[in-house]
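In: pasted the sequence and its predicted model underneath.
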Amino acid sequence: MNRSKSLSRQLLRPRTVRHPILGSSSIAALVLSVFFCASFAAAQSQQPPAALGPIPAAAQQQPTPNPSEKLGQHPDQQSPGTITGTVVDSSGATIAGARVSLTRDGKPPSQEAQAGEAGDFSFVNVAPGPFQLTVTSEGFGTQKTSGLLHPGEILTLPQIALTVATETTQIQVVLPRVELAEEELKVEEKQRVFGVIPNFYVSYVPNAAPLAPRQKFQLAWRSTIDPVNFVVIGAFAGIEQANNTWSGYGQGAQGYAKRYGAAYTDFVTSTFIGSAILPSLLKQDPRYFYKGTGTVRQRVLYAIANSVICKGDNGHWQANYSSILGSLASGGISNLYYPSQNRNGAALTFENTLIGIGETAATNILQEFLIRKLTPNLPHQQSATP
């Protein structure tokens, strides 16, 4: 019994095997060392060495490679495209030879093309992005269209229809001076006080065209043969006979005829010499140019001055030699047909000339303030504002 218990204790008790070199404590220390070294190595493999310092931000965030860079292409370089289209008119018929300009971002035309026989055009190697086309053709209005070209796209535009150009042509007809003066002269020959008495030698156009010599003679002739002037001269002759002016002519029908003839001859000679012959030779205008503006004093002085000055054919004001010399010449000629007892020679001639200048000044004042208002149906463009 005691032996069996002693045997069971030996079987249940663990046996201690002793290494010839290492003891049990040495083996445990070796196992712990191996485990610690393995754990340390694993931790060191997950962290960068402390001796290298902190990792720069640039090194921590590495950019993702672009596939295009791997192929040797810049990311801004995109595949060019193609633009095609057709030019037609409003009826749908193609327009050959139309010029098409391609612009980008408002820059000068980068490409130009000409439509073919079928009206077609194309642009190749066009950089992608927004574009504008300008289409022109002779006889048609300019047409513009815009669009967006994608990389590598072959863009076919809808038909570009041109409309027939609607041009506004402004033609300014400038008549030659002679023709313009002729038109103005026709108007002046219709000017009559109260619609009856001739008022031919007044221009209501400040910058009227100068009269040619032929027109000056035409105006003089038209004035001397006007029926109203025959009546007016007859009335003056009657007054002279009633007052026994130019007594050398006597009375009765014969005396009246002489007075009428003398008065009409004075009228004709003074008109032709002072308003046609001398103005043509001296290049002066025989007409009175209505002022119609300014103060009363200014207009009165203007009217009086125009009895001794006139406008030249060159548009400049100058001494009225034509009228003054015409009065002297007409007075000298009148000595040939007035009664001898009523002639005072040169004194009478100069006296009549001075009287004529005064009468002209008075008539001009009436022209400036009254006669225009008594002359109906004046063209609007010739009427001045008083």
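Out: Good, I have the coordinates. The structure displayed is predicted, hence computed values, not measured ones.
In: next, count neighbours for the closest residue to Glu117 other than its chain neighbours.
Out: Leaving aside its sequence neighbours, Glu117 sits nearest to Ala96 (C-beta to C-beta, 6 or more residues apart in numbering; 4.9 Å). In this view, the C-beta of every residue, glycine as well, is placed from N, C-alpha and C. Ala96 has 14 neighbouring residues, counting by other C-beta atoms under 10 Å.
In: start the count at 757, not 1, going forward
Out: In the new numbering, first residue 757, that becomes Ala852.
In: now do the same for Ala852: helix, strand or coil?
Out: Three-state assignment for Ala852 (DSSP: H, G, I helix; E, B strand; the rest coil): coil.
In: check contacts around it.
Out: Taking C-beta atoms under 8 Å, 6 or more residues apart in numbering, we find Ala852 in contact with 871-875.
In: quick one: which of those is nearest Ala1103?
Out: Checking the contacts of Ala852 against Ala1103 with C-beta to C-beta, the nearest one is Ala871 at 92.9 Å.
In: for the closest residue to the closest one other than its chain neighbours, give its distance to Thr838.
Out: Among residues not flanking Ala871 along the chain, Ala854 sits closest, at 4.2 Å (C-beta to C-beta, 6+ apart). Noted for Ala854: a distance of 19 Å to Thr838, by C-beta to C-beta, to the nearest Å.
In: the more surrounded of those two?
Out: Between Ala854 and Thr838, counted using other C-beta under 10 Å, Ala854 has the larger neighbour count: 24 against 15.
In: wait, what's in contact with the more buried one?
Out: Each residue near Ala854 by C-beta under 8 Å, 6+ apart is listed here: 843, 870-871, 875, 877, 891-893, 896, 918.
In: what pLDDT does the spatially closest residue to Ile1029 that is not a sequence neighbour get?
Out: Nearest non-adjacent residue to Ile1029, counting by C-beta to C-beta, 6+ apart: Gly1082, 4.2 Å away. pLDDT for Gly1082: 89.
In: any buried residues in the helix or strand hosting Glu935, and which?
Out: Assigned by DSSP states H and E, Glu935 belongs to helix 933-944. The neighbour-count check on helix 933-944 (16 or more other C-beta atoms under 10 Å) flags 937-938, 940-941, 943-944 as buried.
In: read off the pLDDT value for Leu1057.
Out: 96.
In: ok, the one 4 residues further on next?
Out: Here the pLDDT value assigned to Ala1061 is 95.
In: also the one 4 residues further on?
Out: According to the per-residue confidence, Ile1065 scores 95 in pLDDT.
In: surely it and Gln1074 touch.
Out: Yes - counting by C-beta atoms under 8 Å, Ile1065 touches Gln1074, with 6.6 Å between them.
In: okay, now Thr1109: neighbour count?
Out: Counted with other C-beta under 10 Å, Thr1109 comes out at 20.
In: doesn't it lie inside a helix?
Out: Yes - counting by three-state DSSP, Thr1109 is found in a helix.
In: list the contacts of it.
Out: 1080, 1083-1084, 1087.
In: surely Asp876 touches Ile839?
Out: No - with contact defined as C-beta under 8 Å, Asp876 does not reach Ile839; the gap is 11.7 Å.
In: do a quick rundown of the helices in this protein.
Out: Secondary structure of the chain (DSSP state H): helices at 758-768, 780-802, 813-816, 823-826, 933-944, 969-980, 983-998, 1008-1028, 1034-1038, 1052-1061, 1077-1090, 1102-1125.
In: to Gly903, which of the ones you listed lies closest?
Out: helix 823-826 (26.0 Å).
In: Trp1073 versus Ile1065, what's the distance?
Out: Taking C-beta to C-beta, one finds Ile1065 at 5 Å from Trp1073.
In: quick one, strands of the stretch 857-1006 of the chain?
Out: Counting by DSSP state E, counting those that start in this stretch, the stretch 857-1006 of the chain has these strands, from start to end: 867-870, 876-882, 885-892, 899-905, 910-912, 916-918, 948-949, 953-954, 958-959.
In: which elements pack onto the fourth one?
Out: Spelled out, it's strand 899-905. strand 837-845, strand 885-892, strand 916-918 (3 or more C-beta pairs under 8 Å, 6 or more residues apart in numbering; DSSP states H and E).
In: thanks a lot, see you next time.
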